[in-house]
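> Sharing a sequence plus its predicted fold:
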Amino acid sequence: MNKISSTINAPSHSPVYRPLYFRIINQNDQQQLNALITNNPDIIIYDTIAGQLAELIRLNHPQQRLTPEESAQLVLAHVNGDTNEYGVWVYYPWSKKLVHTLDEGEFAQVRTSRNIYKITPEEIVSLKNKKIGIIGLSVGQSIALTLAMERTCGELRLADFDEIELSNMNRIKVNIQDLGLNKSIVAARQIAELDPYINVVCFTEGITLDTIDEFFTGGGKLDILVEECDGIDIKILARIKARALGIPVVMDTNDKGMLDVERFDLEPERPIFHGKVAELEALNEDELTEKLNNLTIPEKIGYLGKIIGLENLSEAMKRSVGEMNKTIVGWPQLASAVTLGGAMITDVSRKILLGQFSASGRYFVDFDDLFTDEFNTINTISGDNDTH
């Protein structure tokens, strides 16, 4: 297996997904920014720092109804100088956009202000230090963006070897010009343009035996693993690694709103996949690796059937499985289900990180059960928290 490169030691040919930062109150930064603008006349500049500062001032005076004149005076007092030198100029090399924004602390304060008090200020500070890893950036892209949007963590590690294809665009939010780019790179760029201060690390060859340790512990141990990959071998190996490290695992299966939670942090002896592949756990590491590396397609489908449970599939998904490699060539996924998965994973991840949810299990938010044509039917969201 080839060893991958992350941003920690990325080779020069790796696609760029991190912006550059210029705090021009620093003379060296100012010189570098001037040189960048001079040498790149096609840079597009966005300077909305005045509006950002006005919003910051308004948030800091919630009981006052400031006039525009009062707000302007408070802004001038706050910056204590030229607004052009205040904050950070952020440059995105892939789009040649230069954006003037508040520095990290004030940026995060304003951007998360509408979270309060659904998420308290103390909880926002706590979440800033959390690290979440996502394997698989098809379903995982919606999860990554929702986690970033809500600022549920301060670091995201994204792993996927695959590239964006036209058929991915039925459920992955990308642009046509993104075709051919690595899925994790595209997600990382979107996050950087949403919030340049969230640390993102890309593993553009996915997870292998050579890179799994770096993904889980490089730069600090993950607080949560979100597993959304297609490969049954990585699904199993990632859970075994997570259990050994005491890291909780969450997974959205993208059908019938099925969500898996495995609290290996609280249950260190818990069998993976709720005990549904117990025969694999009896193998030692070498035996397991050999077996997983040599699985046939029917064997992989068989294990996926055991893990997910054919009884848990929607009728449309059962039909799709029967048509695989006959009339269709890929696992069907819908944008609505992927978006729901992003919401569910973000919500349960936040609760886990803040100590508000401690159960393991399999849960369903099934729209087919919730929304029916039957009159006066009361629909409920079902949960099964004892699946092993």
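Arrived safely. All values reported here derive from a predicted model rather than from experimental measurement. Numbering: from 1, shown residues only.

> Break down the stretch 151-300 of the chain into its strands, ranges please.
155-159, 199-203, 224-227, 249-252, 258-262 (DSSP state E, counting those that start in this stretch).

> Contacts made by the last one with the rest, please.
The list of residues contacting strand 258-262 from outside it, by Cβ atoms under 8 Å, 6 or more residues apart in numbering, reads 239, 242-243, 248-253, 270, 272-274, 308, 312, 341, 344-345, 348, 352, 359-365. No exception for glycine: its C-beta is placed from N, CA and C like everyone else's.

> how does it look with 6 Å?
For strand 258-262, the external contacting residues (Cβ atoms under 6 Å, 6 or more residues apart in numbering) are 249-252, 312, 344, 360-364.

> okay, who's weakest in these by pLDDT?
Note: of the contacts of strand 258-262, the lowest pLDDT belongs to residue 312, at 85.

> Now do the contacts for that residue.
residue 258.

> What are the structural domain limits within the chain?
What automatic domain parsing lists as the domains of the chain is 24-102, 121-384.

> Please tabulate the ones you listed in CSV, including the columns distance to residue 115.
Formatted as CSV, these follow (distance: least, Cβ to Cβ, whole Å):
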stretch, distance to residue 115
domain 24-102, 12
domain 121-384, 7
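
> To residue 108, which of these lies closest?
For residue 108, the closest of the domains of the chain is domain 121-384, at 6.7 Å, according to Cβ to Cβ.

> on that earlier part again, which one of the domains of the chain is the most hemmed in?
Between the domains of the chain, domain 121-384 has the highest mean count of neighbours, a mean of 18, where neighbours are mean count of other Cβ atoms under 10 Å.

> Quick one: distance of that domain to the chain centre.
Centre-to-centre, domain 121-384 and its host chain are 10 Å apart (Cα atoms, centre = their mean, to the nearest Å).

> Relative to residue 47, how far out is the residue located most distally from the centre of the chain?
Distance from the centre of the chain peaks at residue 69, with 41.2 Å (Cα atoms, centre = their mean). To residue 47, residue 69 is 22 Å away according to Cβ to Cβ, to the nearest Å.

> From residue 194, how far out is the residue nearest the centre of the chain?
Centroid-nearest residue in the chain, with Cα atoms, centre = their mean: residue 144, separated by 1.8 Å. Separation of residue 144 from residue 194 (Cβ to Cβ) stands at 10 Å.

> now do residue 101
Applying Cβ to Cβ to residue 101 and residue 194 gives a distance of 11 Å.

> what about residue 337, which SS state?
Three-state call for residue 337 (DSSP: H, G, I helix; E, B strand; the rest coil): helix.

> Leaving out the residues flanking it, which one is nearest to it?
residue 254 (5.0 Å; Cβ to Cβ, 6 or more residues apart in numbering).

> ok, residue 222 - contacts?
131, 133, 216, 247 are the contacts of residue 222 under Cβ under 6 Å, 6+ apart.

> Among the residues you listed, which one lies nearest to residue 183?
For these, the minimum distance to residue 183 (Cβ to Cβ) is 14.8 Å, reached by residue 133.

> Look up how far residue 271 lies from the closest one.
Taking Cβ to Cβ, one finds residue 133 at 21 Å from residue 271.

> distance of residue 258 from residue 171?
16 Å.

> Kindly apply the preceding question to residue 370 instead.
For residue 370, the distance to residue 171 - Cβ to Cβ - is 20 Å.

> same deal with residue 29?
Taking Cβ to Cβ, one finds residue 29 at 40 Å from residue 171.

> Ok, residue 211 next?
26 Å.

> which residues in the stretch 251-388 of the chain form helices?
Using DSSP state H, counting those that start in this stretch, the helices assigned to the stretch 251-388 of the chain run over residues 278-281, 285-293, 297-308, 315-323, 335-353, 367-370.

> export the second one as PDB, just CAs?
The C-alpha coordinates for helix 285-293 follow below in PDB (Å, rounded to 0.1, in the frame of the first residue of the first chain):
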ATOM      1  CA  GLU A 285      -4.500  -8.900  13.400                       C
ATOM      2  CA  ASP A 286      -2.600 -10.800  10.700                       C
ATOM      3  CA  GLU A 287      -5.500 -13.200  10.000                       C
ATOM      4  CA  LEU A 288      -8.000 -10.400   9.900                       C
ATOM      5  CA  THR A 289      -5.900  -8.300   7.500                       C
ATOM      6  CA  GLU A 290      -5.400 -11.300   5.200                       C
ATOM      7  CA  LYS A 291      -9.100 -12.200   5.200                       C
ATOM      8  CA  LEU A 292     -10.300  -8.600   4.600                       C
ATOM      9  CA  ASN A 293      -7.800  -8.100   1.800                       C
END
